[in-house]
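J.: coords please:
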Amino acid sequence: MRCGPACPGHHGSRAGVPLPRHSRSGATACPRHSVLPGCEVSTVTFGHTVALPVPLVPSIALFGAIGALSAVLAHRGVSVFHDGLRPVMRSFRIGELSRPEVSRTSFTLAWGFLWAFGLPYSVGFAIPLAYVIFMATDWIGVTVPADYSSRWYRSKRALGGVAQALVLGGVWGAGMALLLRLVTEGMHRLPVDMADPVRLFAQPASGAFFLFAVLTIAYHYDLRRALIALVASSVAWFGARTAGVGQPSVWAFAVATAVLLVFAVREARRSKVAPEESAVAWAVEEDDEEEEDDVFVENVRRIRRSIVPIAVLSALMGAAYNWGVMTNDPISGLLYTQGLAVPAALVGVAWAFAFLPMKFTTAVVTGCMVTHTFLELSVAVLMPNPAWAALACAALSVLQVYLLLPVVRGLEKFPAIREVADVLRTAIFHVMEIGFLVGGALAASAFAGQWGIAVVIMAWFVNSRKNSPVMPISIGAYAALAAGLFANVLALLGLHVH
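T.: Residues are numbered from 1 along each chain as shown. Next up is the predicted model:
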């Protein structure tokens, strides 16, 4: 079923792009969908009904609970979200690093990602990113005084620290949910509506995510092989469109990924390390490998002792992902609001493959688990309701904890997998960087016409000349928001940009 701008469920923007306020995953009625542009709607049997703006009560409840528990786990050194913070957690736990030092490190990491990536893609009629919670709860957890000499409930200082982290994390989570809702309502009530067009930020990249694999081949292998993958995935796209099977980006992604896997398997077989030559990459001396391995085993045992709260946190995240009140990245969030649960899950799988080798390795080395591995989103959005998503993600977290050592040991034997994953991270961010810049131009056009597009181009130029003080993946969004605010100021003065 297709519909145009005349569809009664759509609010047309000045740019001529249909921008519906509400969307429901799994619905077949066009007025409830948010597919942009053109509103192509198909029946979806995965995922939960999603409404925009996100429901306030479940958002506050889940954000508060997730914030509270994640702050406590960071406080006790059980798990942290940011990959740059995890490597210092063991040194922090044994006293080699002071609390003020780690707190400053966490604040620097948190502030950068929160304002540069989390906030611009969490305002308006969009699913908020998990970054707006976890960046802050990491900092809260490592900042609140703690006592690691005993169990959290066996000393007043330890119990007091847990209580402080619990309250502060919960207040931050619930407060952020309320703040984002108030900002969204304010944006929607402006003379030039800014709440609807912000979903255009991720629109170009939402159909181009199959390039994750294509660019990985180009970076890691060569351009000739990348062109082979591009042609093959494009044929799959056109074939799916011609056959009317729907979701051509999924078929393109599957083919491009298959090509990448063929090249990766070939490389892995050639670069396989013989058992007698296998060594832990992070071991300091070859003679110390056995001692180091004992340390890693103990680190994993430490994580397993906290498997219950880890599973509970994953269950809460699963419910939030499935309910559509939180997402991992703007692309999967937009796809899920459009009822495209399978593509959203595939984007999550790509993120997981790119980050899991690094996340699992740092978890084994430090004894500090990963707050989430991106696989939670892929599982959650495919579940029929939040309850099933919670159970599935809890089981997934338990499985991941018990697979830490086997996966890391496997990566030692096949180092090519880690190398491909590293390159895939670069490819993902490059697709987002260019896609979000184009999306920012589309949103700016909805706010302020062609002048808005000029603002985005100029912002990109200035940012490039100033060595990117704003993260490249966010410059388009911030420039578009600035253009929208300026258009509203002019509207209040009785002037119009377009």
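J.: Strands of the stretch 351-498 of the chain, residue ranges please.
T.: 369-370 (DSSP state E, counting those that start in this stretch).
J.: what's around the closest residue to residue 249 other than its chain neighbours, how many residues?
T.: Nearest residue to residue 249, sequence neighbours excluded (CB to CB, 6 or more residues apart in numbering): residue 207, at 5.2 Å. Using the backbone N, CA and C atoms, a C-beta is placed for each residue, glycine as well. Applying other CB atoms under 10 Å, we find 16 other residues in the vicinity of residue 207.
J.: Touching, residue 207 and residue 253? I think so.
T.: No - Residue 207 is not in contact with residue 253 according to CB atoms under 8 Å; the separation is 10.2 Å.
J.: and for the two, which residues touch both?
T.: Counting by CB atoms under 8 Å, 6 or more residues apart in numbering, residue 207 and residue 253 have no common neighbour.
J.: Tell me the buried residues in stretch 90-102?
T.: By neighbour count on 16 or more other CB atoms under 10 Å, the buried set for stretch 90-102 is 90, 92, 93, 97, 102.
J.: Sort those by pLDDT and name the bottom one.
T.: Ranked by pLDDT, the buried residues of stretch 90-102 bottom out at residue 93 (85).
J.: Could you find the closest non-adjacent residue to that residue?
T.: In space, residue 93 is closest to residue 77, 4.6 Å off (CB to CB, 6+ apart).
J.: Model confidence for that neighbour, exactly?
T.: 90.
J.: part of a strand, is it?
T.: No - Residue 77 is assigned coil when assessed by DSSP: H, G, I helix; E, B strand; the rest coil, not a strand.
J.: doesn't residue 368 make contact with it?
T.: Yes - counting by CB under 8 Å, residue 368 is a contact partner of residue 77 at 5.7 Å.
J.: Go through stretch 157-169 and flag the buried ones.
T.: For stretch 157-169, by 16+ other CB under 10 Å, it's 158, 161, 162, 164, 165, 166, 168, 169.
J.: hang on, the last one is in a helix, isn't it?
T.: Spelled out, that is residue 169. Yes - residue state for residue 169 (three-state DSSP) corresponds to a helix.
J.: Quick check: it vs residue 136, distance?
T.: 8 Å (CB to CB, to the nearest Å).
J.: overlap in contacts of the two?
T.: Joint contacts of residue 169 and residue 136 (CB under 8 Å, 6+ apart) are residue 67.
J.: quick one on the thing from earlier: can you tell me which of the buried residues of stretch 90-102 are in helices?
T.: Under the assignment DSSP state H, these contribute 90, 92, 93, 102 to helices.
J.: shaky segments in the stretch 351-498 of the chain?
T.: For the stretch 351-498 of the chain, no stretch has pLDDT under 70.
J.: can you pull out the helices in it?
T.: Ranges of helices within the stretch 351-498 of the chain are 375-380, 386-413, 415-465, 472-492, based on DSSP state H, counting those that start in this stretch.
J.: Comparing those helices, which stretch has the densest surroundings?
T.: Among the helices of the stretch 351-498 of the chain, ranked by average contacts under mean count of other CB atoms under 10 Å, first place goes to helix 375-380 (a mean of 28).
J.: rewinding a little: and the ones in helices among the buried residues of stretch 90-102, which is closest to residue 361?
T.: residue 90 (13.0 Å; CB to CB).
J.: where's residue 364 relative to residue 294, distance?
T.: Taken as CB to CB, the span from residue 364 to residue 294 is 12 Å.
J.: Between the two, which is the more surrounded one?
T.: residue 364 (24 against 10).
J.: Report the separation between the more buried one and residue 418.
T.: 13 Å.
J.: Ok, residue 295 next?
T.: 20 Å.
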